[in-house]
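In: Got a predicted structure here, sequence first:
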Amino acid sequence: MFKLAAFAVAMFGFGYALVPLYPVVCGVLGINQTGVTRGAVNTQVDMTRSVGIEFDTNVHNMAWKFRPLQSHVSVHPGELTQVMFEVVNTRNVSVTGQAIPSYGPTLAGEYFRKMECFCFNKQTLAPGERRQMPVVFVVDPELPKEIANITLSYTFFEVEGNQPAPSKASAVLVTDNFKGGV
């Protein structure tokens, strides 16, 4: 019985210790880093080479239209660059979405520094709203020379926070409809 109790206490302690360890493990593995901004980096523009940046946009089960205003740019590593994206809510209700970035090749994500990005925050669009959103970035001059092209892909996912709590009148209406339909 003593071993069972000690095991239960140890498992509780392990679970409790995971809470502060989670961000550390994510940082080491380079996952779940949405919204993390790195400190300012002293960069020099490398005029001897160019890197092509292509933009890809997707929506996951959302009635939004999402596109880059420029499909690609050519930048010098260390050069501050801004590109614009446009999103349109085609539904007749407000919808909240969160954009998740990914990079190709994956290694390029370590050298892609975003100063400003719509992906740092949730975006709530009113019915029919059209919004242009900037991304300001620098490609680190330490980017390996064999990487000449980077694809930055964003996928918008619908997230909580877009629907107001139902009023009592609508809750009663829903309940009455449900009772009448059974």
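Out: That came in fine, so what should we check first?
In: so where's the chain uncertain?
Out: Judged by pLDDT under 70, the chain has its weakly predicted residues at 30, 32-43, 161-182.
In: Which residue ranges of it form helices?
Out: 2-29, 168-181 (DSSP state H).
In: so how far is the longest one off the chain centroid?
Out: Right, helix 2-29. Relative to its chain's centre, helix 2-29 lies at 28 Å (C-alpha atoms, centre = their mean, to the nearest Å).
In: Which elements pack onto it?
Out: Using 3 or more C-beta pairs under 8 Å, 6 or more residues apart in numbering; DSSP states H and E as the contact test, no helix or strand touches helix 2-29. C-betas here are computed from N, CA, C, even on glycine.
In: Centre-most residue in this protein?
Out: Central residue of the chain (C-alpha atoms, centre = their mean): I100, 2.7 Å from the mean position.
In: beta partners of that one?
Out: Beta-bridge pairing for I100 (DSSP bridges): T155.
In: Give the full set of residues in contact with R130.
Out: Neighbouring residues of R130 by C-beta atoms under 8 Å, 6 or more residues apart in numbering: E86, V87, V88.
In: Now, these that are in strands?
Out: E86, V87, V88 (DSSP state E).
In: circling back: isn't the residue nearest to the centre of the chain up against C119?
Out: Yes: when contacts are counted by C-beta atoms under 8 Å, I100 is listed as touching C119 (6.9 Å).
In: Count the neighbours of P144 for me.
Out: 11 (other C-beta atoms under 10 Å).
In: Find the nearest non-adjacent residue to it, please.
Out: Of all residues not flanking P144 in the chain, L107 sits nearest, at 7.3 Å (C-beta to C-beta, 6 or more residues apart in numbering).
In: With V139 instead?
Out: Spatial nearest neighbour of V139, chain neighbours left out: P77 (4.8 Å); criterion: C-beta to C-beta, 6+ apart.
In: quick one: the one you found from V51, how far?
Out: Counting by C-beta to C-beta, to the nearest Å, the gap from P77 to V51 is 6 Å.
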